[in-house]
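**Student:** Task: produce atomic coordinates for the following.
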Amino acid sequence: MLGSVLVALGILTQYAGAWGVPYFSFTTDRGSTCKNGLTGYTCSHMTLAEVEYVSNVDLPDDSSVVAGTYHSTHDYQLEAVIEVPSTSAQQALDSLNQAFGECITDLPSPVSTKGMHQKCVLANADAVEESDEPSSRLYMIGTGVRDDGTRVIGMVIKSR
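**Tutor:** Next up is the predicted model:
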């Protein structure tokens, strides 16, 4: 009897996070570590694959996620800082432009670009001005290139 209870508890604790049991952790299909809450889940250790999936952008494979948080309830919010080596810096900007549009001047960046060159901020047009058809998500992407050629990308993406 005791053995059956221990096996059941073992199975419960191993799969509880994937089943959505509050306060249990799980790993997504893309390798991010997340923890369930009462009304959703939060991923605090995000992989590049997870950031690409949520943001719907294809970044170079040699990119690395420095920091990232994804919170999902009935809405979602992604905040991430990504570094791209100098060899892929232009490719990353091209991917960002393809996914989010052209750079907008006179907008503050969600990531510090002090001391960087090739600064660029991409954001929804309806986030900065009124439009008839609001998009289903708001985004603000800031990027710049450090002196060593590394492109730093800061993303803030929210559903609405």
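**Student:** Could you report the neighbour count for Asp72?
**Tutor:** You called it Asp, but residue 72 is Ser. Neighbourhood size, Ser72 [other Cβ atoms under 10 Å]: 17. Every residue, glycine included, has its C-beta placed from N, CA and C.
**Student:** give the contact list for the closest residue to it other than its chain neighbours.
**Tutor:** Distance criterion Cβ to Cβ, 6 or more residues apart in numbering; nearest residue to Ser72, sequence neighbours excluded, is Gly40 at 4.8 Å. Neighbouring residues of Gly40 by Cβ atoms under 8 Å, 6 or more residues apart in numbering: His71, Ser72, Thr73, His74.
**Student:** how about 7 Å then?
**Tutor:** Neighbouring residues of Gly40 by Cβ atoms under 7 Å, 6 or more residues apart in numbering: His71, Ser72, Thr73.
**Student:** what about the strands in this protein?
**Tutor:** Using DSSP state E, the strands of the chain run over residues 25-27, 33-36, 41-45, 64-72, 76-84, 117-123, 137-145, 151-159.
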